[in-house]
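**Q** Kindly return the folded structure for what I paste below:
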Amino acid sequence: MSVESIGLLVTFLLGVFVLIGAMVAFLANKKQKIIDFSLGLAFSVIVMLIILDLIPEVIEHLGLRYIWLFLIFVVLGYGLLRGLDHFIPDHHDHHKMTKKEESNNLAHIGIISSIALVIHNIIEGMAVYSTVLTDVSTGLMLAIGIGFHNLPLGMVIATTFYQANQKSKKVWLVIGGVAFSTLVGGIISLLLNNQVVPEWVVGSLLSLTLGMLLFILFSELWPRIKKTKFAHERNLGLLIGIVIMLISLVI
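**A** Numbers count the residues shown, from 1 in each chain. Sure thing, here's the model as predicted:
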């Protein structure tokens, strides 16, 4: 097997981690406790992803020289999702919602999160593919670490979409799109004929993703987790998300 094939296989396996997380969510008892747990999990995972992953990578690719690009693309990413937010249906303010409004609001969070994660996963897929071409063992270890923090993301996407849409085929279609966007990143790198993408381009795209995730944190997840019914499950999700991200960092 050529090193290019190994690289694509690894980016494909990254998506499998998302699917495993989604499967866990589907097999669990789908009640309010699972929703509150997943929201807590999502919040802590995204916070840790920003602190441990995105910010260090942005600094590595942009440095102080292009700090202005960082600021521009963070604001652009935040503003982009804020603009899309008004065009995505079934969005309600975070007042006391009916059961139907709550389900629609969860779907709204799922759509917004999926958009940001697809962009993030494409960039990650490109990074992992390039690493495998340089050193297969290093690329595999990087993929395992990324895979661990993909598990809770799969749970969150599955839980939010399932509550609003009982049609499992449609839900799995969305989950599959998020999951295998890492493979798309690998294919893009392959089509670029292994050319090195300029550092400032990668850093700008990561900054764009960071801005999107900040919007999800403060405009979507934070208002929800403050009003969760089951605080114990929410706090457990927050704690497990931190532990998973720390494990992925060690690996």
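**Q** got the buried residues for stretch 18-29?
**A** Val18, Leu19, Gly21, Ala22, Ala25, Phe26 (16 or more other Cβ atoms under 10 Å). (C-beta placed from N, C-alpha, C; glycine too.)
**Q** Let's have these in TSV, adding secondary structure and pLDDT.
**A** Formatted as TSV, the buried residues of stretch 18-29 follow (DSSP: H, G, I helix; E, B strand; the rest coil; pLDDT from 0 to 100):
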residue	secondary structure	pLDDT
Val18	helix	85
Leu19	helix	87
Gly21	helix	82
Ala22	helix	83
Ala25	helix	75
Phe26	helix	75
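**Q** Serialize those residues to TSV and add fields for distance to Leu221.
**A** Listed next are the buried residues of stretch 18-29 as TSV, based on distance: Cβ to Cβ, whole Å:
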residue	distance to Leu221
Val18	18
Leu19	22
Gly21	17
Ala22	18
Ala25	16
Phe26	21
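**Q** and of those residues, the nearest to Asp36?
**A** Ala25 (13.0 Å; Cβ to Cβ).
**Q** so how far is Val3 from the closest one?
**A** 35 Å (Cβ to Cβ, to the nearest Å).
**Q** Pick the one among the buried residues of stretch 18-29 closest to Val118.
**A** Closest to Val118, out of all of these and judged by Cβ to Cβ, is Val18, at 11.0 Å.
**Q** Tell me who's in contact with the closest one.
**A** Val18 makes contact with Asn150, Leu151, Leu153, Gly154, Ile157, Ile175, Val178, Ala179 under the criterion Cβ atoms under 8 Å, 6 or more residues apart in numbering.
**Q** Going by distance to Val250, which of these wins?
**A** Leu151 (15.3 Å).
**Q** Okay, now the unreliable bits of the stretch 51-200 of the chain?
**A** Along the stretch 51-200 of the chain, segments meeting pLDDT under 70 span 86-108, 162-168, 194-196.
**Q** any chance you could map the helices in it?
**A** In the stretch 51-200 of the chain, the helices defined using DSSP state H, counting those that start in this stretch lie at 55-62, 67-85, 99-134, 136-164, 168-179, 181-191, 199-215.
**Q** Using TSV, please lay out these together with distance to Leu236 and mean neighbour count.
**A** As requested, the helices of the stretch 51-200 of the chain are arranged in TSV below (distance: least, Cβ to Cβ, whole Å; neighbours: other Cβ atoms under 10 Å):
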stretch	distance to Leu236	mean neighbour count
helix 55-62	26	17
helix 67-85	28	16
helix 99-134	19	21
helix 136-164	12	22
helix 168-179	23	18
helix 181-191	28	21
helix 199-215	22	22
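**Q** Using TSV, lay out the contacts of Val18 together with distance to Ile55.
**A** Output for those, formatted as TSV (distance: Cβ to Cβ, whole Å):
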residue	distance to Ile55
Asn150	19
Leu151	22
Leu153	18
Gly154	23
Ile157	23
Ile175	27
Val178	22
Ala179	25
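**Q** nearest to Ile50, of these?
**A** Leu153 (13.4 Å).
**Q** quick one: which of the helices of the stretch 51-200 of the chain is nearest Ile242?
**A** helix 136-164 (10.5 Å).
**Q** re earlier: of the helices of the stretch 51-200 of the chain, which approaches Thr11 most closely?
**A** Evaluated over the helices of the stretch 51-200 of the chain, closeness to Thr11 peaks at helix 181-191, with 3.4 Å, by Cβ to Cβ.
**Q** Just the angle for that closest one relative to helix 168-179, thanks.
**A** On the basis of axes from the mean of the first three to the mean of the last three Cα atoms, to 10 degrees, helix 181-191 is oriented at 40 degrees to helix 168-179.
**Q** With only the CA atoms kept, save helix 181-191 in CSV.
**A** Taking Å, rounded to 0.1, in the frame of the first residue of the first chain, the C-alpha atoms of helix 181-191 are listed here in CSV:
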residue,chain,number,x,y,z
SER,A,181,-15.3,15.6,5.9
THR,A,182,-11.9,14.6,7.2
LEU,A,183,-11.6,12.3,4.2
VAL,A,184,-12.5,15.3,2.0
GLY,A,185,-9.5,17.1,3.5
GLY,A,186,-7.2,14.2,2.7
ILE,A,187,-8.5,14.1,-0.9
ILE,A,188,-8.0,17.9,-1.3
SER,A,189,-4.4,17.4,-0.2
LEU,A,190,-4.0,14.6,-2.7
LEU,A,191,-5.4,16.7,-5.5
